[in-house]
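Asker: got a predicted model here, sequence first, then my questions.
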Amino acid sequence: MPRSALTMTVAKEYVHRAALSEVFLTGWNKVGHNTFTVSAQWPRSHSFYVPEHGMHDPLLLCETVRQTFPLLTHVAYHVPFGYQLSWSRLQFAINPQAMYIERTPADLQIHAVVSDVRYHKQLPATMTMHLEVVRDGSLVAMVSTRFGCHSPAVYQRMRAGRSDIAEIFAAAPQPPEPVSRSSVGRLRQQDIVLSPTEERRRWQLRADTSHPVLFDHAVDHVPGMVLLEAVRQAAHATQPVGSAAIPTSMDISFNRYVEFDEPCWIEAETVDNTEASPGRRSIRVNALQGGSFAFNATTEVMDVTAL
């Protein structure tokens, strides 16, 4: 009797996760010069990336991409463990029709092309990845991302006294009170990353370092996935009550690290777009900390009842 092929996840260290349950990548292959195929699997349910409207959460795509670039930097470009990766830009657009949950977990193929690599001492210092995510022959998403790779010495200089991860993480303040669950489309209070202010469409970022998914391990700044969730929740808060909307695209530029020890303000506004399709709205979301923009983002949300 022939043996069945066995599937396992990649090592959690390659994707910078502490929990094996949070690893979504299952393998990789080099296809050509700076081109790779990465395999992944999405569960039918997840504690944080909660499926809604019968569809996988688009931010599950973002986390899968976030895992792809440390994997490839380590296994294909020989970046040592201990190097820090930092996002500078992320752009994605999904095909909502390919996001529906089926009777089995979603097996994905991620076709990655690496470009614009800048090297320092024979290791990449910055690079861009363009990714096509495919499921059963159908295009799920197009993604482009750029990020930096920093040696421990370089990172220590960049962080200017903020690089003691254990100390900074332990000293992170308790999160402020959250907004209502219905306003941001979250079922659990623990999953809310916005806190109310007296101003309309302005919130304080809420970083709950006890969260088992968003803070899977100790860090010295607010992770990028928390910031993407802030964009999603701010966009949801600008929608009509009861709207069945999901983010179908996002373009976010990360300008600086978001620190734990001072307030970060999230502001949102609807973008007038006469060319938008029915059921779609564009929303601009910015983050302000210490008098400067920590990130600038635009996201398009779509009412899935229009599908």
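Answerer: Everything's here; your move.

Asker: ranges for the helices of the chain?
Answerer: 58-75, 152-159, 165-170, 181-184, 224-237 (DSSP state H).

Asker: okay if I get the ones you listed as JSON lines plus mean pLDDT, distance to residue 48 and mean neighbour count?
Answerer: (Glycine included, C-beta is placed from N, CA and C.) Output for these, formatted as JSON lines (pLDDT from 0 to 100; distance: least, C-beta to C-beta, whole Å; neighbours: other C-beta atoms under 10 Å):
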{"stretch": "helix 58-75", "mean pLDDT": "97", "distance to residue 48": "9", "mean neighbour count": "22"}
{"stretch": "helix 152-159", "mean pLDDT": "92", "distance to residue 48": "27", "mean neighbour count": "14"}
{"stretch": "helix 165-170", "mean pLDDT": "93", "distance to residue 48": "19", "mean neighbour count": "13"}
{"stretch": "helix 181-184", "mean pLDDT": "92", "distance to residue 48": "13", "mean neighbour count": "16"}
{"stretch": "helix 224-237", "mean pLDDT": "96", "distance to residue 48": "9", "mean neighbour count": "24"}
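
Asker: can you list contacts of the top strand by length along the chain?
Answerer: Longest strand in the chain, counting residues (DSSP state E): strand 106-120. The contact list for strand 106-120 (C-beta atoms under 8 Å, 6 or more residues apart in numbering) reads 31, 34-42, 44, 56, 64-65, 68, 72, 124-136, 140, 146.

Asker: among the residues you listed, name the buried ones.
Answerer: Neighbour counting by 16 or more other C-beta atoms under 10 Å classes 34, 36, 38-42, 56, 64-65, 68, 72, 124, 126-131, 133-135, 140, 146 among the contacts of strand 106-120 as buried.

Asker: give me the domain ranges for the chain.
Answerer: For the chain, the domain assignment from automatic domain parsing gives the residue ranges 1-160, 165-307.

Asker: what is the mean pLDDT for stretch 138-148?
Answerer: Stretch 138-148 comes out with an average pLDDT of 97.
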